[in-house]
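>>> take a look and give me a structure for this.
(2 chains)
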Amino acid sequence: MSFVKLTASSLAIAAVSATAAAARDNVQVAGSSTVLPYASIVAELFGENTDFPTPVVESGGSSAGLKRFCEGVGENTIDVANASRAIREKEIKACADNGVTDIIEVRIGYDGIVFASQQSGPEFTAFEPSDIFNAIGAKVMVDGEVVDNPHTNWSDFNSDLPEAEIAMFIPGTKHGTREVFEDKVLLEGCEATGAMQAMMDGGMNEDDAEDACLDVRTDGKSVDIDGDYTETLARIDANTNGIGVFGLAFYENNTDKLKVATMGGIEPTTESIASGEYPVSRPLFFYVKKAHIGVIPGLKEYAQFFVADEIAGPGGPLSNYGLVADPELADTQSKVENETTMSESM
Amino acid sequence: MTDATLNGSGPGKSSSLTARDARTKRRNASEKRFQAYGMIAIGIGLFFLVVLAFTIIRSGIPAFTKTVVDVEFTITQAEYEAAESELFKTKAYQDLFISKLEAQLQERGLEVDFDADAIERLLGKTGGTIREYYQGNSNMLGEPVRFELAASSRVDGYFNGRVTREGMQDSRFLMKTDLDIVDALHEAGIMKSAFNWNFITGADSGVDNPGGAGIGASVVGSFFMMLVVLLLSLPIGVAASIYLEEFAPQNRFTDLIEVNISNLAAVPSIVFGILGLAVFIQFMHLPQSAPLVGGLVLTLMTLPTIIISTRASLKAVPPSIRDAALGVGASKMQAVFHHVLPLAMPGILTGTIIGLAQALGETAPLLLIGMVGFVARGYPDGIVAGFTDPNSAMPAQIYTWAARADVAFYEKAWGGIIVLLVFLLTMNILAIILRRRFERRW
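Model (predicted):
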């Protein structure tokens, strides 16, 4: 029973492992949970189709991923950050402060955001941004006045909608999806109902009015979902009147449980999103650390493989899963090929 | 007693010891009631246990079966080379397989209409399996080979009752008419259910390939993590407890340490995750997503449990044994290592295994050190790589699957829970056996 020996040997193992870890041969990816499904498909195929090891893809959210991406250059930092929004100026600066100056931005396609409810629930089949705003905005227009949201039923403000209680499940603030939802739905609705104009007439400047438009009522009729779409789905399963915000791919995988509503009269499909007709969509990105190309084996090949026509193009496995293929994929391909960084392409 | 004789005052009031008076009856009734409450409590506990076990088994069993397409076909050298020259090789193999299957079905004269698209919808991701086979067995090119290839997750669902004709909606993943083809293929013996070995031995797969997902790689990840926890927390924990219990002077400082160990045992595990991220990854630059780091974090979590249980079992060794050893001239260290520790060992082992079992089921700290996501994508290629290569752990893998869009992964998550429970049960049985074998009573 020599504990000393045990401890010594375990410490030795730890030391050996630590030194062995110095050379990393797999691509390390982290970031958006929206991009994660696509990245995991590509990672698996990349491992199966090339001689490089299968990349590791972690989730955690766009902001967390970019934060880790910007921690510095070196094998101990990630090579690729997935993001469901474009990188912000602030993040580029944080990156530069840590020596990450050359970043290649790769747009992989578009993601549609859809509004869906229980298959057998009330007839929620057509929405306008103004309906959503009227339902969950903190302050809305009623009879020409901006008041605290008094609506309890959908039919209270739009007689075309079913007489069902308002219960919306929207993405929480840590999600990239929330930003699109705010910009393309709440703000649009705020402007369309005239609430924004009324707020500005009431003495607010434009920025404050915009912020006020994005405020969501807090009386429980709108619920922030901080988890992923499976949580939203579970909430809708439990609530006949519930309406959830989903990614197109998630909805398409669960069409037997969910029915989708049109937005602005347009049904969300890969075609209507690719053409830009469907209003609520956003580009998806990943960011590559140029300094790691040539150091981490397979990094450039991974990026090239990701945006190849066979993978990210129409009919490929990504679009088959629900990604809307980017019409300008060829530009992206050449950008990756030439390793064009963000500062060069500006 | 004295009260009773005083109040009973005198022999006038006769009472028998055998006949029960009202007070005794009341006391007996209250005891009966208490027993009933206890039984109800146990009953409720058992009921929940049964419901839980039933749900887990019912939801998890489908993960252990898969629907396969059992066909024999030939790939020629030329076809192999053509497929290998593509960028997306596995797709080329998949297409080859689809065209060959279609031709075979034409030949057999199946009574339903079908086309290549329908067949594509019925199949899972098979290209990877075919490519892997021919890369290892290039001598089989040109020879007929019999394959059992996975069907798509929705066909799988149709076989185990998750997808029904009434409940399903036509989508690009599966059309209602496809189910006719499935029925015909099933009748012809081409499509059948098989035990899903891949689920137990395989690695994680992409979100569009539930059929290829397996928990094996993350079991290995969990195993290496537990190894780290065992190798570090047992010696450190035991050494700390022996010192505190047998050697340390009783003063304010040791009191402080004791209080803090008890407090540490109550710290939420996510805190250790943040600590692990800050210390092991950002400061010490250990690799991300590695079982080594996971093990270190869980060691911190397990240490207090082990120290507390070790101290309890050291305390349980009667002082007479120490006194006897010291009395015949043993040094304090000899008394501890030759007499006290062996007697305390069963308790220590039980505590350790329970601590390990707790650590095995922990997900929260792993979230922060990068073990959640698409991580368990293959087996490590050696012992050292087992510690340092990115890998997941069972609970993290289950969490990942539960969050995926395709319902088939939800089944996999339940199946993963069964595997995790089997692992835990094995550890607990081991703890019981060890205790039974070595336990000593005084």
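
>>> what is the least confident helix or strand in chain A?
helix A:3-20 (a mean of 51; mean pLDDT, DSSP states H and E).

>>> after that one, next one along is what?
strand A:28-31 (DSSP states H and E).

>>> quick one: distance of that next one to the chain centre.
14 Å (CA atoms, centre = their mean, to the nearest Å).

>>> low pLDDT regions in chain A?
Along chain A, the model assigns pLDDT under 70 to residues A:1-23, A:174, A:345-346.

>>> go on, the stretch 51-200 of chain B?
Using pLDDT under 70, nothing in the stretch 51-200 of chain B is flagged.

>>> give me every residue in it that's in contact range of chain A.
Those residues of the stretch 51-200 of chain B that sit near chain A, judged by CB under 8 Å from any CB of the partner chain, are B:86-91, B:127-128, B:131-132, B:163, B:167-169, B:171-173. C-beta: built from backbone N, CA, C; applies to glycine.

>>> mind saving the C-alpha coords of stretch B:378-395 as CSV?
The C-alpha coordinates for stretch B:378-395 follow below in CSV (Å, rounded to 0.1, in the frame of the first residue of the first chain):
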residue,chain,number,x,y,z
GLY,B,378,-13.5,8.6,-32.5
TYR,B,379,-11.5,6.3,-30.2
PRO,B,380,-8.2,7.6,-28.8
ASP,B,381,-5.2,5.8,-30.4
GLY,B,382,-3.3,5.1,-27.2
ILE,B,383,-3.2,5.4,-23.5
VAL,B,384,-1.7,8.9,-23.4
ALA,B,385,-4.0,10.0,-26.2
GLY,B,386,-6.9,8.6,-24.1
PHE,B,387,-6.0,11.3,-21.5
THR,B,388,-5.2,14.2,-23.8
ASP,B,389,-7.2,13.8,-27.0
PRO,B,390,-10.5,15.6,-27.1
ASN,B,391,-13.3,13.3,-26.0
SER,B,392,-16.6,13.6,-24.3
ALA,B,393,-18.1,11.8,-21.3
MET,B,394,-21.3,9.8,-21.1
PRO,B,395,-23.5,12.5,-19.4
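
>>> could you pull out the buried residues of it?
B:378-380, B:384-395 (16 or more other CB atoms under 10 Å in any protein chain shown).

>>> and if you look at stretch B:51-70?
B:59, B:60, B:62, B:63, B:64, B:65, B:66, B:67, B:68, B:69.

>>> quick check, residue A:125 in contact with residue A:265.
No. The criterion here is CB atoms under 8 Å, and residue A:125 misses it with residue A:265 at 10.9 Å.

>>> higher neighbour count, those two?
residue A:125 (14 against 11; other CB atoms under 10 Å in any protein chain shown).

>>> and of the buried residues of stretch B:378-395, the nearest to residue B:181?
Using CB to CB, residue B:378 comes nearest to residue B:181 of the buried residues of stretch B:378-395, at 33.9 Å.

>>> my read: that closest one touches residue A:47, true?
Yes. With contact defined as CB under 8 Å, residue B:378 counts as touching residue A:47 (7.2 Å).

>>> what's the overlap in contacts for those two?
A:53, A:54 (CB atoms under 8 Å, 6 or more residues apart in numbering or on different chains).

>>> you'd agree residue B:243 is in a strand?
No. Per DSSP: H, G, I helix; E, B strand; the rest coil, residue B:243 lies outside any strand segment and is helix.

>>> neighbours of it, how many?
13.

>>> what distance do you get for it to chain A?
Distance from residue B:243 to chain A, counting by CB to the nearest CB, to the nearest Å: 11 Å.

>>> where's residue A:54, which helix or strand?
Applying DSSP H and E, one finds residue A:54 in no helix or strand.

>>> list the contacts for it?
A:26, A:43, A:44, A:46, A:47, B:377, B:378.

>>> now, these that are in helices?
Taking DSSP state H as the definition of helices, these contribute A:43, A:44, A:46, A:47.

>>> chain B next: which of those are close?
A:43, A:44, A:47.

>>> now those in CSV, please, with extra columns for neighbour count.
Below are these laid out as CSV (neighbours: other CB atoms under 10 Å in any protein chain shown):
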residue, neighbour count
A:43, 29
A:44, 28
A:47, 21
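
>>> just the closest of these to residue B:189, please.
Using CB to CB, those come closest to residue B:189 at residue A:44, 30.6 Å.

>>> skipping adjacent residues, who's closest to the closest one in space?
Nearest residue to residue A:44 in three dimensions, chain neighbours excluded: residue B:206, at 3.7 Å (CB to CB, 6 or more residues apart in numbering or on different chains).

>>> excluding chain neighbours, what is closest to residue 265?
In the absence of a named chain, this looks at chain A. In space, residue A:265 is closest to residue A:126, 6.9 Å off (CB to CB, 6+ apart).

>>> my question was about chain B
Closest to residue B:265 by CB to CB, 6+ apart is residue B:304, at 3.6 Å.

>>> so which helix or strand takes in residue A:283?
strand A:281-289.

>>> same for that strand, what does it pack against?
Applying 3 or more CB pairs under 8 Å, 6 or more residues apart in numbering or on different chains; DSSP states H and E, one finds that strand A:281-289 contacts helix A:62-69, strand A:80-83, strand A:103-118, helix A:176-181, helix A:299-307.
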